[in-house]
Structure formats: structure tokens, C-alpha cells
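In: Generate coordinates for the sequence data below:
(one chain, ligands or ions: 2)
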Amino acid sequence: MREEQLRERLLRFERESRYLKKDSNERKVFEEVFDRATLWAIDHLLSSGQLDYLNGVVNAGKEARVYWGVAPDGSARAVKIYLTASAEFKKRLRYVAGDRRFNKIPSTSRGIAELWVQKEFKNLQLAQKAGVRVPTPYAFNENVLVMEYIGEPPAPAPRFIDTEVGEADYRWAMEMIEKLYRKAQLVHADLSEYNVFKLKEECVLFDMGSAVLTTHPEARELLLRDVANMVRFFKRRGIFEERAEEIVERIVS
Ligand SMILES: Nc1ncnc2c1ncn2[C@@H]1O[C@H](COP(=O)(O)OP(=O)(O)O)[C@@H](O)[C@H]1O
Ligand SMILES: [Mg+2]
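Out: Ligands and ions are numbered 1, 2, ... in the order given. A predicted model of the protein is given here:
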């Protein structure tokens, strides 16, 4: 009963969401996200007091769909549901393969999505403990992750790509990359102007699912890519120019 209500409710959000194309086969797309197991995972988060209700779609990506959720105390949550049908994860399995925290690689796509949620949750915890500003992770269950909502719902905060940035933002980004590496022993591995929120007083790094430990065999290569992405973006915005290789040298030395 509850499952059916939940399904109907979520389907309504999908219909109202501006992200869904009019001509798409709604039901089918929907069923791909909310299979039975995912509905149960959400139901569990509702009944365990992590969430009071879901309020609508924030973003529909290739790998994950983000919902605006509300906690029992009324505060907003970002609920990231990893799509179990996404082929994208398989492409990115190398981020898991070299990570000593995850020595067993699941064989099903559902298993992979669940692993990804665990990984993002742990990465957020590690980053936060090291003093890197990220969304606070609250809970996860199977392929569903609950974290702090950044922005004024229903709108998420603007990302670097969406807004004006200045030299202070560049410095902040470099400092966070360094802190993440040295203190959290992590490399974001998917860093770009699309994965940093800019608030009035601060910036917030997010989308940490890809992040790897610095002991990962490709950590340095991934670090260089992260740094180079940031440098390229800020250069395009006419802010600053440093050589990515030099920055990486400085960070790892
Ligand atoms: N904590 C959050 N608070 C508010 N919005 C969020 C949050 N996390 C993600 N979003 C929204 O969902 C989008 C996709 O999230 P992201 O974690 O980057 O997933 P993907 O793996 O699909 O890139 C973001 O660009 C943002 O609009
Ligand atoms: Mg992203």
C-alpha cells in the first residue's frame, strides 16, 4: 500500500519536473529509477526518521537523480538516487578497482550503484572531517544517499559554471584540493565547474562519488586532471593562470 502511494507521489513529481522531456515515455523512465528495491530503500529512510517526505526533482542526470527531501525537523535534504540501470558506472569502475576500501567489486548493476552510494557517503565524511566544505552526509540506504541541501529549495545553489567567479574562488578551490589531498587523503577525481557550489559566503565541493584515496594507482593522474580542469575554467573566465603541473607538485610534495 505504502509502496504504491510512494510510487504515485514520485511519479507526480516526475511529471511536474521541467527536466522530463514531453515526448519521453514517462512511465518507462520512471520505472527505471524507481524499481521496487529503490522504493523500499526510500521507504526505509522515511520510516527510520531520516526523511519526512520527498518534495520534487532537483536534477535528473545520467547516473543519478537528485530530489529535494524534507527531514522531520523541517530542514531540507538532497536525496541522491543512483540509477541502478545506468551503464555509466561500469565505465567508471576503475575508480573503485584501485581503492583498497572496496576490495570486492559487485557483479550486478544494482550492486555497483550501492557501492557508489557507500563510496560517496564515506568520501563526504572524510572530506568533512578534514575541514573541506561539502554537503553534510546524513544517511544512506542501498542506492539512496541523504545529505544536506545546498541552496534555497527548490533551487540548488548556483555552481561555478552558473555564476560569476573571482580570484578568491580560485584560491578557495586550490586550497580545498590541497586540503582534500593532504588531510583527507582523497582526490575528487571528477572536479570541474559543474561540481562546486558557490554561496554568498562560501563555496561547497560536491559530487564526491568518484573520489579515490591518494594511494590509488591513478591518484596523481586524477589529481592533475582535477587541477587542470579548474585552471582551465578560471583561465577562460579571465581570472588567473598557473601551470597545473606546478600546482600538483606543490600539493604532493
Ligand atoms: N547537496 C545538494 N544540494 C542541492 N542540490 C544538489 C546537491 N547535490 C546535487 N544537487 C543537484 O543535483 C545535480 C547533480 O548532482 P551531482 O552530485 O553532481 O550528480 P551527477 O553525478 O549526476 O553529476 C547538481 O548539479 C545539483 O543541481
Ligand atoms: Mg556532477
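In: would you list every one of the strands in the stretch 151-253 of the chain?
Out: 151-152, 155-156, 186-187, 196-198, 203-205, 212-213 (DSSP state E, counting those that start in this stretch).
In: Kindly reformat those strands as CSV containing mean pLDDT.
Out: Formatted as CSV, the strands of the stretch 151-253 of the chain follow (pLDDT from 0 to 100):
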stretch, mean pLDDT
strand 151-152, 96
strand 155-156, 95
strand 186-187, 98
strand 196-198, 98
strand 203-205, 97
strand 212-213, 96
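In: Show me what from the chain comes close to ligand 2.
Out: Residues of the chain lying near ligand 2 by Cβ under 5 Å from the ion: 195, 207. The way it works is simple: take the backbone N, C-alpha and C, and place the C-beta from them, glycine included.
In: Show me the domain layout of the chain.
Out: Using automatic domain parsing, the domain parsing of the chain gives 2-155, 157-252.
In: before we move on, back to that, okay, the strands of the stretch 151-253 of the chain, which one's buried deepest?
Out: Using mean count of other Cβ atoms under 10 Å, the stretch among those with the greatest mean number of neighbours is strand 186-187 (a mean of 26).
In: This protein: helices as residue ranges?
Out: In the chain, the segments counted as helices under DSSP state H are 2-16, 26-33, 36-47, 88-91, 94-97, 109-129, 167-182, 219-236, 244-252.
In: Figure out which of these is closest to Glu152.
Out: helix 2-16 (18.3 Å; Cβ to Cβ).
In: Put together a markdown table for the helices of the chain, with mean neighbour count and mean pLDDT on each row.
Out: Supplementary listing: those in a markdown table, determined by neighbours: other Cβ atoms under 10 Å; pLDDT from 0 to 100:
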| stretch | mean neighbour count | mean pLDDT |
| --- | --- | --- |
| helix 2-16 | 14 | 80 |
| helix 26-33 | 14 | 68 |
| helix 36-47 | 17 | 92 |
| helix 88-91 | 14 | 71 |
| helix 94-97 | 18 | 77 |
| helix 109-129 | 20 | 95 |
| helix 167-182 | 18 | 97 |
| helix 219-236 | 19 | 97 |
| helix 244-252 | 15 | 97 |
